[in-house]
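> got a predicted model here, sequence first, then my questions.
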Amino acid sequence: MNDSGKSPMRHPDEQPGGGDGTPRFGRLLLVLGAAVLAVVGLTLFSEWLYT
């Protein structure tokens, strides 16, 4: 009844991260950086437009 190594909640196994076991955050950082730059650009553009 007790399977050693299996999750009792029947969850799937965790997805592998990078080659050395660390998670990969490169794409997430690129997306977050692009979002920050877009917000900064929009802020500067609207400031220029309305002054």
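Great, that's in hand.

> ok, residue 9 - contacts?
Contacts for residue 9 (CB atoms under 8 Å, 6 or more residues apart in numbering) come out as none. For the C-beta atoms, the positions are set from N, CA and C on the backbone; glycine is no exception.

> tell me the secondary structure of it, please.
Secondary structure, DSSP: H, G, I helix; E, B strand; the rest coil: residue 9 is coil.

> quick check: phi and psi on it?
Main-chain dihedrals, residue 9, degrees, to the nearest 10: phi -90, psi 10.

> distance of it from residue 35?
34 Å (CB to CB, to the nearest Å).

> again with residue 8
39 Å.

> tell me which of the two has more neighbours.
residue 35 (10 against 7; other CB atoms under 10 Å).

> can you give me phi and psi for that one?
phi -70, psi -40.

> which ones are touching it?
Counted by CB under 8 Å, 6+ apart, residue 35 has zero contacts.

> where do the helices of the protein begin and end?
Assigned by DSSP state H, the helices in the chain fall at 26-49.

> show me where it dips below the pLDDT cut-off.
1-7, 14-24 (pLDDT under 70).

> residues touching residue 50, list them.
Applying CB under 8 Å, 6+ apart, no residues contact residue 50.

> now it: how far from residue 9?
Distance of residue 50 to residue 9, given as CB to CB: 54 Å.

> cool, and residue 33?
According to CB to CB, residue 33 stands 36 Å off from residue 9.

> same check, this time on residue 37
In this view, residue 37 and residue 9 are 41 Å apart by CB to CB.
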